[in-house]
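Undergrad: whatever this is, show me its structure:
(chains A, B, C and D)
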4 protein chains.
Amino acid sequence: MHKKVVSVIGGHSCNKEVEEIAIELGKKLTKVVKYLCCGGLSGTMKAVCSGFKAGGGVTIGIIPSYDKKDANNFVDIVIPTGLGLARNVLVVKSADVVVALPGEAGTLSEIAYCLQFGIPVISLGSWDIPGVIKVKTVEEALKEVKKRL
Amino acid sequence: MHKKVVSVIGGHSCNKEVEEIAIELGKKLTKVVKYLCCGGLSGTMKAVCSGFKAGGGVTIGIIPSYDKKDANNFVDIVIPTGLGLARNVLVVKSADVVVALPGEAGTLSEIAYCLQFGIPVISLGSWDIPGVIKVKTVEEALKEVKKRL
Amino acid sequence: MHKKVVSVIGGHSCNKEVEEIAIELGKKLTKVVKYLCCGGLSGTMKAVCSGFKAGGGVTIGIIPSYDKKDANNFVDIVIPTGLGLARNVLVVKSADVVVALPGEAGTLSEIAYCLQFGIPVISLGSWDIPGVIKVKTVEEALKEVKKRL
Amino acid sequence: MHKKVVSVIGGHSCNKEVEEIAIELGKKLTKVVKYLCCGGLSGTMKAVCSGFKAGGGVTIGIIPSYDKKDANNFVDIVIPTGLGLARNVLVVKSADVVVALPGEAGTLSEIAYCLQFGIPVISLGSWDIPGVIKVKTVEEALKEVKKRL
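TA: So this is what the prediction gives:
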């Protein structure tokens, strides 16, 4: 049977505060799901992967290039799509629930795809677009993820 | 030499008012550019193509499916990508300037891609996201397009 | 109404003989179709575009990168997909008929896609795979294209 | 660190003999690699996944549609690309080594991509294209896979 997957989206770079939130989110997500998917690169993606690995989970990185080495070191399974930004679609569509951390236009495109696909997207300090589930803490985010898995 | 292209994005369905604006925009765009690109389907896409054809231009429709018949009848050149929503990237990246008409999450993903690529995107009654060029009339939109071609 | 399109596929580099065949093919194709599609790069792609332009046609280049400047100078309409080799699907699916010139693995993948989609593919000195229409001269290729448009 | 992945490609349908070979291949591959990737659908894909699951491995299915239910029941991690046949690129590029079972044009396109990317592709009764590593038995295939992991 197909396994449940949670995707976490967010910026390629992030400040220390967001990094710590991403790590904490990653660690705690291992209690509710075995597989984490993300865009596989740096910033929030690296932080959430490092947390999820620390918690014992398996990480999937769907990257824009053809070079597996572009994925951060905390990605177990690299999908080197070579699709550029079109890979954003795959990052969110692979998930049953998506958590959005702060990010810029790339993150916005992924939130938009969630809304279009009808995939629940939980905004933890990320874009405030009609249709997202806004939360303020990692604990709240986890609660919303659990409800939807 | 590569020809200039303007892409128009917007909803799959639209009310009469937006339809008329799209037709007018299409017609008037023929005065500044020969090739119009869009997602090739119904609603604002069909309306803007019909206006652009009426003005004598050539229309390109980059559609999500493999079936050219899914393109509206005012599309000259159909690119049947079979890529689903990932085709949104191609619609905006093919353009030198993008005009956004009202639309939902699909349109938002396209605006987000414009911002990420650095392609100027003119919002004519569409999403108000930091970075878009907001205008209120077709004439203003044309003026902004001209400046950037 | 949607316009007919012929795609020509073949290698990124080619010898003088194949280059001349590609130019001749391009020129003569303008008598049967107004729009030519190809992968937009160098070698056979550039040669066939130059011939087609010389004959007065309009050329479409569906390129793997996001940079329109990667397209050869004889491409009118550049679709900068950023999809890498996945763009091969689009090059053949955009066509009503495909002509294959000599090429390597990339050309083989495109021929394979033609066969899978059921798009007629005419091999002019290219791969000899069951299902392709083998011809020996540009005139024969043209005859086979005409039959299928 | 990124995990090694072997992809197995082959037809959507297969006879009993090929099915048994695929199951055996899947089972035995678990001794050399933990993650198996494939196109996620029926025929050889389903058979190799069932063998790999029986051997205790984790299976990844990169499918053409957006619907996870289209993946066979032996797929653990479904990547629902919505990319149609363009997903073939991802199936092979995700792998360190590819094994090709009998298949038609789709399999041929994947072999072609392997050759273009320089990914070793072992043909076990599949297409005989210059550049593939031809083997006759599952044991030989395994030996060739091991050498390259």
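Undergrad: would you mind listing what in chain A touches chain B?
TA: Residues of chain A that fall close to chain B, judged by Cβ under 8 Å from any Cβ of the partner chain: A:83-86, A:89-90, A:104-106, A:108-109, A:112-113, A:115-117, A:129, A:131. In short, each C-beta sits where N, CA and C put it, glycine included.
Undergrad: just those residues: which are in helices?
TA: Applying DSSP state H to these, the entries found in helices are A:89-90, A:105-106, A:108-109, A:112-113, A:115-117.
Undergrad: and those residues near chain D, which?
TA: Restricting those to those near chain D - Cβ under 8 Å from any Cβ - leaves A:89-90, A:117.
Undergrad: which of those are buried? Put it as a ChimeraX command.
TA: To isolate the buried ones among those in ChimeraX, judged by 16 or more other Cβ atoms under 10 Å in any protein chain shown, type:
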select /A:89,90,117
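Undergrad: how much space between A:Met143 and A:Val97?
TA: Let me fix one detail, which is that residue A:143 is Lys and not Met. 12 Å (Cβ to Cβ, to the nearest Å).
Undergrad: ok, now A:Lys3?
TA: For A:Lys3 relative to A:Val97 (Cβ to Cβ), the value is 13 Å.
Undergrad: and for A:Leu41?
TA: In terms of Cβ to Cβ, A:Leu41 sits 21 Å off from A:Val97.
Undergrad: which one of those two is surrounded by more residues?
TA: A:Val97 (25 against 22; other Cβ atoms under 10 Å in any protein chain shown).
Undergrad: and that one, bridged to which residues?
TA: A:Val6 (DSSP bridges).
Undergrad: that one touches A:Leu149, doesn't it?
TA: Yes: between A:Val97 and A:Leu149 there is a contact under Cβ atoms under 8 Å: 6.3 Å.
Undergrad: re the thing from before, widest-spaced pair of the ones in helices among the residues of chain A next to chain B?
TA: A:Ala105 and A:Phe117 (18.7 Å; Cβ to Cβ).
Undergrad: residues touching A:Ile91, list them.
TA: Slight slip there: residue A:91 is Val, not Ile. Taking Cβ atoms under 8 Å, 6 or more residues apart in numbering or on different chains, we find A:Val91 in contact with A:7, A:9, A:37-39, A:62, A:110.
Undergrad: now A:Ile129
TA: A:108, A:111-112, A:115, A:123, B:108.
Undergrad: could you pull out the strands for chain A?
TA: A:5-9, A:35-38, A:58-63, A:77-80, A:97-100, A:121-124, A:133-135 (DSSP state E).
Undergrad: report whether the fourth one contacts chain D.
TA: Yes: contact of strand A:77-80 with chain D is found when judged by Cβ under 8 Å from any Cβ, involving A:77-80.
Undergrad: who in chain A is up against chain C?
TA: Within chain A, the positions adjacent to chain C are A:66, A:81-86 by Cβ under 8 Å from any Cβ.
Undergrad: re the thing from before, just the residues of strand A:77-80 next to chain D now: which is nearest chain B?
TA: A:Ile79 (14.1 Å; Cβ to the nearest Cβ).
Undergrad: identify the residues contacting the closest residue in space to that closest one that isn't next to it in sequence.
TA: Leaving aside its chain neighbours, A:Ile79 sits nearest to A:Ile62 (4.6 Å; criterion: Cβ to Cβ, 6 or more residues apart in numbering or on different chains). Contacts for A:Ile62 (Cβ under 8 Å, 6+ apart) come out as A:37-40, A:79, A:81, A:87, A:90-91, A:94, D:79.
Undergrad: can I get the residues you listed in JSON lines with pLDDT?
TA: Shown next, in JSON lines, are these (pLDDT from 0 to 100):
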{"residue": "A:Cys37", "pLDDT": "98"}
{"residue": "A:Cys38", "pLDDT": "98"}
{"residue": "A:Gly39", "pLDDT": "98"}
{"residue": "A:Gly40", "pLDDT": "98"}
{"residue": "A:Ile79", "pLDDT": "98"}
{"residue": "A:Thr81", "pLDDT": "98"}
{"residue": "A:Arg87", "pLDDT": "98"}
{"residue": "A:Leu90", "pLDDT": "98"}
{"residue": "A:Val91", "pLDDT": "98"}
{"residue": "A:Ser94", "pLDDT": "98"}
{"residue": "D:Ile79", "pLDDT": "98"}
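Undergrad: re earlier: among the residues of chain A next to chain C, which ones are buried?
TA: Judged by 16+ other Cβ under 10 Å, buried ones among these: A:81-86.
Undergrad: if we check chain D, which of these are in contact?
TA: Here is what survives when those are matched to chain D using Cβ under 8 Å from any Cβ: A:81-83.
Undergrad: show me what contacts A:Lys28?
TA: Taking Cβ under 8 Å, 6+ apart, one finds A:51, A:55, A:138-139, A:142 in contact with A:Lys28.
Undergrad: relative to A:Val91, how far out is the residue nearest to A:Ile9 when sequence neighbours are not counted?
TA: Leaving out its chain neighbours, the residue that sits closest to A:Ile9 by Cβ to Cβ, 6+ apart is A:Glu110, at 4.5 Å. Applying Cβ to Cβ, the value for A:Glu110 to A:Val91 is 6 Å.
Undergrad: okay, and the common contacts of those two?
TA: By Cβ under 8 Å, 6+ apart, the residues touching both A:Glu110 and A:Val91 are A:Ile9.
Undergrad: which single one of the buried ones among the residues of chain A next to chain C is nearest to chain D?
TA: Of those, the one sitting nearest to chain D (Cβ to the nearest Cβ) turns out to be A:Thr81, at 5.5 Å.
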